[in-house]
Every structure is written in structure tokens, then in C-alpha cells.
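K.L.:
Requesting a structural model of the entry that follows:
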Amino acid sequence: RIEETKDPIQQPNNSIMNPIKLVLAAASLAVATAFTPTAFVTRATPRFTTTSSLSMVQGQGDSYKKVYVAGASKGVGRLVVDKLLSAGSEVVALVRSDEAVAELSALDGVTAIKGDAMDYKTVEDSLYGCDAAITTLGGGNGGGEDGKWVDYTGNNNVIEAAGILGVTRVVLVTSIGCGSSKDATPPSVYEVLKDVLAQKQKAENVLIKYYTNMNWTIIRPGGLVSEPETSKAILTEDTMAIGSIHRGDVAGLVVEALSSKATEKKVLSAVDL
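P.N.:
Purely as a prediction, here's the structure:
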């Protein structure tokens with residue numbers, strides 16, 4: 001479900017300030033796990049403003065029959081493929097390895113294409129014929145020899161190709177800490193992640209500024225956890241939301257958001273309750 005911000009954060013009583021600070025510090029570490037090994041995950045309760053529920057009903061928007069997934073070989077992108085298939089969509093998956101092509105090609109309903117998202121022509125050719133695109137591309141470990149990051153260049157290639165080909169529905173997965181959610185991340189954590197967050201934010205900005213005719217959605221997960229999904233995750237417009245989220249829950253929210261009118265042209269944070 002989505003939660004829509006209505007009321008400001010209530011100021012805590014000084015007598016409970018220290019416990020709250022400890023919880024938020026733990027939450028900030030969880031955000032960093034989007035780019036670090038699972039062993040470093042710290043559990044935390046997500047923080048929100050007071051909110052009112054905004055229903056997200058699968059099928060209330062358009063139904064997409066052939067969905068492009070960039071970053072489909074592992075992590076959230078791989079789980080997105082499974083959930084799209086369960087929802088009855090055909091999937092075109094862009095992956096980089098022969099192993100990933102073999103694995104995904106074995107699934108009914110998947111066309112796996114080997115290619116590099118850093119190459120625009122590869123992205124455009126593989127996206128042709130799809131009616132929606134989801135990109136979960138991210139590296140978080142620095143640019144290549146040419147200084148380019150997949151977090152920006154790869155995602156930007158998907159966005160640009162979608163625009164050229166007339167694919168009007170795009171879901172971009174980035175991270176809490178980008179753009180308006182910067183203040184949700186404590187300064188010490190942001191300092192560690194600032195380079196990759198800046199690249200992801202550049203991709204967000206391109207989508208928001210230049211693709212006004214596109215029904216885009218940006219989803220910013222908190223710290224990623226690899227355990228089985230909880231089915232308790234939410235999307236919220238609260239830019240101060242912070243916490244961890246299971247990869248399977250992110251994938252579920254992404255696929256649900258794809259067909260929801262309520263998420264179009266919105267930037268949403270994703271955390272587990």
C-alpha cells in the first residue's frame with residue numbers, strides 16, 4: 001500500500017530523545033545496506049510522519065503485457081521478473097552474462113537478451129516492442145574506466161530509449177537518500193553514499209524534468225535485506241521515511257505500482273513496517 005503524507009512529524013519529548021536517536025541511527029545503517037553486504041544489516045523501525053492511507057489496487061491502472069526489465073539478473077530486478085510472470089506479463093530481460101541468459105530463458109514468458117545497459121543502442125534495440133519499462137540498475141561501487149556509472153548512464157539509457165520508442169510507462173528504482181529524501185539519511189551515512197546517490201539522483205532528475213509526457217514512477221527503497229519478503233512493506237510520499245526493506249517486498253511494490261494510477265508521476269520511498 002501507499003501512505004500519503006498529511007501531518008508534520010511530531011517533536012519528541014526530551015525524556016525519550018536518546019532512545020529515538022538510537023533507533024534512527026540503526027535505521028540509517030540499514031539504508032547503507034542498499035550498497036553493502038547483507039551481514040552489515042541492522043534492523044530498525046521505520047520512521048514516518050503521521051499518514052493517511054492511499055489505496056493501491058493492482059489493475060486500477062493500465063495493464064502492461066510486455067514489460068522490459070533492466071538489471072534482471074540478480075537482486076530486486078530478478079525478483080521483479082518472477083512477480084511480473086505471476087501477474088501474467090511477458091518479460092524482456094536485459095542481462096550481462098551467459099549464465100543469466102540461460103537461467104531466464106528457461107522461464108516461460110521471458111525473452112532474455114545479453115547486453116550492456118551502458119550501451120544506448122543495445123538498450124534501445126532490446127526495448128523495442130515493449131509497452132512498459134522497469135529499471136533496477138545500480139552498481140554502487142564506482143564508475144568504470146571511463147568514469148561513467150550504471151546508476152546514471154544505464155538508467156538514463158533506459159529512460160531515453162523509452163522516450164524515443166514511445167514507451168510511456170517507466171518505473172525507476174533508486175534509493176532513499178536521493179533528492180528530497182536526502183535529509184532522511186544522517187550526514188555520516190550520506191557522506192559514505194553520496195557519490196552513488198548523486199548518480200541515481202541525476203537519473204531521477206532526467207526523468208522528472210524532461211519526460212513530462214511519460215507516466216513515470218520513482219521508487220526509493222531503504223536498506224536492502226535478502227531474507228524472504230514480509231508482505232508488510234509500504235510506499236510513502238514521506239521524504240523522511242527511513243528503514244530497511246526486503247528485496248522481495250521491493251519487487252512486489254514495483255510490480256504493483258506499475259499498474260497503479262495512484263503512483264504515476266510520484267516519487268515514493270519504500271520501507272518495511
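K.L.:
count of residues packed around residue 115?
P.N.:
16 (other Cβ atoms under 10 Å). Any C-beta I mention is one placed from the backbone N, CA and C, and that applies to glycine too.
K.L.:
how much space between the closest residue to it other than its chain neighbours and residue 157?
P.N.:
The spatial neighbour of residue 115 that comes closest, neighbours along the chain excluded (Cβ to Cβ, 6 or more residues apart in numbering), is residue 122 at 3.9 Å. Per Cβ to Cβ, to the nearest Å, residue 122 is found 8 Å from residue 157.
K.L.:
The two - which one has more neighbours?
P.N.:
residue 157 (26 against 17).
K.L.:
In this structure the more buried one contacts residue 119, no?
P.N.:
Yes: assessed by Cβ atoms under 8 Å, residue 157 is found in contact with residue 119 at 7.5 Å.
K.L.:
what about residue 217, helix or strand, and which?
P.N.:
strand 215-221 (DSSP states H and E).
K.L.:
Which residues belonging to the longest helix anywhere in the chain are considered buried?
P.N.:
The residue-count maximum for a helix in the chain (DSSP state H) belongs to helix 187-210. For helix 187-210, burial by neighbour count (16 or more other Cβ atoms under 10 Å) applies to 189-190, 193, 196-197, 199-204, 206-208.
K.L.:
got the angle between that helix and strand 215-221?
P.N.:
170 degrees (axes from the mean of the first three to the mean of the last three Cα atoms, to 10 degrees).
K.L.:
same for helix 187-210, what does it pack against?
P.N.:
If contacts are counted by 3 or more Cβ pairs under 8 Å, 6 or more residues apart in numbering; DSSP states H and E, helix 187-210 sits against helix 17-32, helix 155-165, strand 169-173, strand 215-221.
K.L.:
my read: residue 62 touches residue 169, true?
P.N.:
Yes: under the criterion of Cβ under 8 Å, residue 62 makes contact with residue 169 at 6.9 Å.
K.L.:
Comparing these two, which residue is more hemmed in?
P.N.:
Taking neighbours as other Cβ under 10 Å, residue 62 and residue 169 compare with residue 169 leading, 21 against 16.
K.L.:
Identify the residues contacting that one.
P.N.:
62, 64, 131, 132, 133, 214, 215, 216, 258 (Cβ atoms under 8 Å, 6 or more residues apart in numbering).
K.L.:
Give the burial count for residue 184, as a bare number.
P.N.:
Applying other Cβ under 10 Å, we find 26 other residues in the vicinity of residue 184.
K.L.:
I'd like the distance between it and residue 245.
P.N.:
With Cβ to Cβ as the criterion, residue 184 and residue 245 are 13 Å apart.
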